[in-house]
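>>> Fold the following, please.
(one chain, ligands or ions: 1)
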Amino acid sequence: MDIRTDYLGLSLKNPIIPSASPLSHSVDTVRQLEEAGAAAIVMYSLFEEEILDEEQALSRFLRHQDIGDPEASSYRPVPAAFKSAVERYLDQVALLKAAVEIPVIASLNGVTRGGWIHYGKDLQEAGADALELNVYHIATDPTESAAEVEKRYLDFLEDLIRQVTIPVAVKIGPQFSALPHFVKRLEGAGAAGVVMFNRFYHPNINLETREVVPSMMLSTSAESLSAMRWIGILRNHIQLSLCATGGIHTAEDVIKMVLAGADATQVCSVLLQRGPNYIATMLSELTDWMEQNEYNSLAEMKGSISQKKAINPAAFEHANYLHVLDNYVSKSRNAR
Ligand SMILES: Cc1cc2nc3c(=O)[nH]c(=O)nc-3n(C[C@H](O)[C@H](O)[C@H](O)COP(=O)(O)O)c2cc1C
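Residues are numbered from 1 along each chain as shown. Modelled structure (predicted):
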């Protein structure tokens, strides 16, 4: 059974990739993921905030002691063992590259256009096979238009692509008013792939303290249908790689994404819940399903139920809404 796939120009042995998460903090865990069959690994992100906070702290430290003048009375040198967030991240890229054979995709996460983006070049030099750019932007400013929000992503992407020769994927959220147009622009700007959809944490209200607190819940399988819809719609309009993320918990979820047109899928919550070895289960269920349904290769499956090829393409859109509602009403009547 041939379950190989191309993603971002990388040849992968199968379509399952652990997505950016704390799992990649440990070299042993990444080895376990590789043994279980992971096709590549996306590292936890190097965050803009982390880089900037540290740069500011260092600059405060040096200013406090007369700009690092060794003659100053308060001078304390920066400890030799001190490593910045960037250095620690680069070390981890190199460690993972030395420990596993699968491609290592480094992840940059930020919101403002600035100097931090040039670390892309260092990530490439440390051995990253590709980069994932995660623009964690929640559009809250009423004076900023959708076109400006999109331009922010495009500017970032262009800045990053100028630094590197390895492929760059952009991880996006689901809230774009004209998603296919935007993805086409990302493609035009040089993105090698799109990872959809980023899952933002939600604010919650603690009723005891009446504070707004961030809440981070793991996903469920039902969430993956949003990515499936958009991958199905996009597949026949663009050439870049499409990767599904968000709610992929089972082999069935992977199969649906590939049928809709995904080149790869990323998993996170399910691995945090079930552990790295769960990838082996997903892979074995994937090949069983392919055998039972007489597919010889993943390539044969890929996009075979995209919007263009589906028997009922309108189901990817709004056209069947009334029918779905009617069905729901009659089902609930029958259940009574
Ligand atoms: C604990 C945790 C940490 C994460 N860290 C990152 C990160 O550093 N960078 C990133 O782009 N996404 C990060 N994510 C998002 C995941 O990569 C993934 O896109 C998201 O959880 C949806 O996939 P899932 O439904 O399989 O969990 C994190 C998610 C979780 C739960």
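
>>> Over to Lys171. Which of the three states is it?
When classified by DSSP: H, G, I helix; E, B strand; the rest coil, Lys171 comes out as strand.

>>> Distance of it relative to the ligand?
5 Å (CB to the nearest ligand atom, to the nearest Å). Backbone N, C-alpha and C define where each C-beta goes, glycine included.

>>> Pull the contacting residues for that residue.
20, 107, 132-135, 194-196, 198, 245 (CB atoms under 8 Å, 6 or more residues apart in numbering).

>>> Apply 10 Å and report the result again.
Taking CB atoms under 10 Å, 6 or more residues apart in numbering as the contact definition, Lys171 lies against 19-20, 42, 45, 107-109, 132-136, 193-199, 243, 245, 266.

>>> Can you name the residues of the stretch 201-336 of the chain that neighbour the ligand?
By CB under 6 Å from any ligand atom, the residues of the stretch 201-336 of the chain that approach the ligand are 218-219, 245-248, 267-269.

>>> Make a markdown table out of those residues and add pLDDT.
Putting those into a markdown table (pLDDT from 0 to 100) gives the following:
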| residue | pLDDT |
| --- | --- |
| Leu218 | 92 |
| Ser219 | 92 |
| Thr245 | 97 |
| Gly246 | 96 |
| Gly247 | 96 |
| Ile248 | 98 |
| Val267 | 98 |
| Cys268 | 97 |
| Ser269 | 96 |
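
>>> Quick check: the farthest pair among those residues?
Greatest spacing in those, by CB to CB: Leu218 and Thr245 (13.1 Å).

>>> who has more neighbours, those two?
Neighbour comparison, Leu218 and Thr245: the larger count goes to Thr245, with 27 against 12 (by other CB atoms under 10 Å).

>>> doesn't Phe197 make contact with the more buried one?
Yes - here Thr245 reaches Phe197: they are 6.7 Å apart, a contact under CB atoms under 10 Å.

>>> just to revisit the earlier point, can you list which of the residues of the stretch 201-336 of the chain next to the ligand are found in helices?
Ser269 (DSSP state H).

>>> Pull out the buried residues from the residues of the stretch 201-336 of the chain next to the ligand.
By neighbour count, with 16 or more other CB atoms under 10 Å, those hold 219, 245-248, 267-269 as buried.

>>> And the helices in the stretch 101-250 of the chain?
Counting by DSSP state H, counting those that start in this stretch, the stretch 101-250 of the chain has helices at residues 119-126, 146-163, 179-188, 224-234.

>>> Flag every buried residue along the second one.
Counting neighbours by 16+ other CB under 10 Å, one finds that the buried residues in helix 146-163 are 149-150, 152-154, 156-157, 159-161, 163.

>>> Stretch 270-281 too?
Buried positions in stretch 270-281, judged by neighbour count with 16+ other CB under 10 Å: 270-271, 276, 278-279.

>>> cool, stretch 247-260 as well?
So stretch 247-260, judged by 16+ other CB under 10 Å, has buried residues 247-251, 253-260.

>>> Kindly report the same for stretch 326-336.
Buried residues in stretch 326-336 (16+ other CB under 10 Å): none.

>>> Quick check, the residue in the stretch 101-250 of the chain closest to the ligand?
Going by CB to the nearest ligand atom, the ligand is nearest to Ser219 of the stretch 101-250 of the chain, at 3.1 Å.

>>> OK, contacts around that residue?
199, 245-249, 267-270, 272-273.

>>> How about Val27: what's its closest non-neighbour residue?
Leaving aside its sequence neighbours, Val27 sits nearest to Ala99 (CB to CB, 6 or more residues apart in numbering; 4.9 Å).

>>> Please report the distance of that neighbour from the ligand.
Noted for Ala99: a distance of 19 Å to the ligand, by CB to the nearest ligand atom.

>>> same question, Ala40
Counting by CB to the nearest ligand atom, the gap from Ala40 to the ligand is 13 Å.

>>> and that residue, how many residues sit next to it?
Neighbourhood size, Ala40 [other CB under 10 Å]: 24.

>>> try Lys309
Using other CB under 10 Å, the number of residues around Lys309 comes to 15.

>>> OK, contacts around the residue nearest to Val27?
By CB under 10 Å, 6+ apart, the contact set of Ala99 is 27-28, 30-31, 34.

>>> where does the stretch 51-200 of the chain come near the ligand, residue by residue?
Taking CB under 6 Å from any ligand atom as the contact definition, the stretch 51-200 of the chain meets the ligand at 107, 109, 134, 171, 198-199.
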